[in-house]
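>>> Quick check, what structure comes out for this input:
(2 chains)
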Amino acid sequence: MRKLNYVWRLLMTGVAFSLFSIGGLMITLLACPVIRLLPGDANRRRERTQWLIHKLFGVFVGFMCTVGIMRLHLKNADALAEARGALVLANHPTLIDVVVMISLMPRSDCVVKGALWNSPFLGGVVRAAGYISNAKSSEALVESCVGALQQGGALVIFPEGTRTQPGVPLRFLRGAAHIALGCEQPILPVVLSCDPPTLSKGRPWYDIPPRRFEYRLEVKSPLSVSDLIEPDLPGTLAVRRLTVALENHFALELAACGQSAH
Amino acid sequence: MKMENIMALSNEAIFDELKKILVESFETPEAQITLEANLYEDLDLDSIDAVDLAVKLQTLTGKRIKADEFKAVRTVADVVRAVRSLLDS
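Numbering: from 1, shown residues only, chains lettered A, B, ... in the order given. Take a look at the predicted model:
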């Protein structure tokens, strides 16, 4: 029975991965032209594409839960759905983090890898959604992110810049702090965990856990820069202090969530 | 000979000024600042910091730094050289 369950989950994980790429291609080929034909300006198109991605990610997460690959535990997720003009920061344990988060967010902006931006499967979608490509200079990237926030977007950033290395102390890049300091918008911390760990960095998709994974998402209270660092620091110092403060904040939240899980 | 001495001395002065900037503005541990140290790999600066550093060096020298020239800078010695050539120009 256990063996059968394993094979089933392996099969469904494969199906999920294929669905993702095929779905991306379908939106690029079918939905994007339709959205382009609908009335409304570029902004409206962007919103519609973001909404479509949100709905499809919801279907995708629903699929994974229904077939028994994962179980989703949400806490205060409404705060994510209502987030506007907020910098949403999260740790990054798995490949599906952004999928779960966007499935809860009708409007979302995110930074995507240059490789994804030009991918035949997903490139069309991420471009139509007005997501931000990271294939530009850091200054231009920070500027685009601040711009998206000032327009009321909910910008999802993983401050680690890559998936969390299990067992290694949390290490944030300074990008998130640069963005937070570039605008006055609140920071919305999201703490994610996945038990047993799966889809982490360097693990192939077929290396599935021995049982269905429990995926937890908790939206914490919003923070502002002034809660975290002293005022009136010169820019170069402010960005460093804020990075460390955010790192510590998340490390504490993660430790707390690890304790409550056991 | 005498000329060279002055040059050597002022290169050292540039290095000292640079060290001061790195410690004060970028919280770089002083012990890590050597001529060979790479700004990005060893001293943990990022490209946004490099812009800030260029601005600070402009203030120090009173001369404009060309962005393209500064992009080629990798090590502390490169910065000293860049400042040197600014002062000499």
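
>>> Can you get me a residue count around A:Val244?
16 (other C-beta atoms under 10 Å in any protein chain shown). (Glycine included, C-beta is placed from N, CA and C.)

>>> How far off centre is the top helix by length along chain A?
Longest helix in chain A by number of residues (criterion: DSSP state H): helix A:235-261. In this view, helix A:235-261 has its centroid 18 Å away from the chain centroid, taken as C-alpha atoms, centre = their mean, to the nearest Å.

>>> Helix or strand for the residue nearest the centre of chain A, just tell me which one.
With distances taken as C-alpha atoms, centre = their mean, A:Val98 lies nearest the centre of chain A, 2.8 Å away. In this assignment (DSSP states H and E), A:Val98 forms part of helix A:97-103.

>>> after that helix comes which helix or strand?
Past helix A:97-103, the next helix or strand by DSSP H and E is strand A:109-112.

>>> which helices and strands does that next one pack with?
strand A:132-133, helix A:138-150, strand A:154-157 (3 or more C-beta pairs under 8 Å, 6 or more residues apart in numbering or on different chains; DSSP states H and E).

>>> Let's have these in JSON lines, adding distance to A:Val67.
Shown next, in JSON lines, are the helices and strands packed on strand A:109-112 (distance: least, C-beta to C-beta, whole Å):
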{"stretch": "strand A:132-133", "distance to A:Val67": "33"}
{"stretch": "helix A:138-150", "distance to A:Val67": "34"}
{"stretch": "strand A:154-157", "distance to A:Val67": "26"}
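
>>> who wins for proximity to A:Asp41 among the ones you listed?
Closest to A:Asp41 of these, according to C-beta to C-beta: helix A:138-150, at 16.6 Å.

>>> That closest one and chain B, any residue contact?
Yes - interface with chain B: helix A:138-150 contributes A:Ser138, A:Glu139, A:Val142 (C-beta under 8 Å from any C-beta of the partner chain).

>>> Which residue, neighbours along the chain excluded, lies closest to the first one?
To tie it back to what came earlier, the one meant is A:Ser138. Spatially, and ignoring its direct neighbours in sequence, A:Ser138 is nearest to B:Ser47 (4.5 Å; C-beta to C-beta, 6 or more residues apart in numbering or on different chains).

>>> For A:Asp195, the count of nearby residues, please.
Number of residues near A:Asp195 (other C-beta under 10 Å) recorded here: 15.

>>> go on, A:Gly152?
Using other C-beta under 10 Å, A:Gly152 is surrounded by 13 other residues.

>>> do A:Lys75 as well
Around A:Lys75 there are 12 residues (other C-beta under 10 Å).

>>> Since that was my last question, I'll sign off now.
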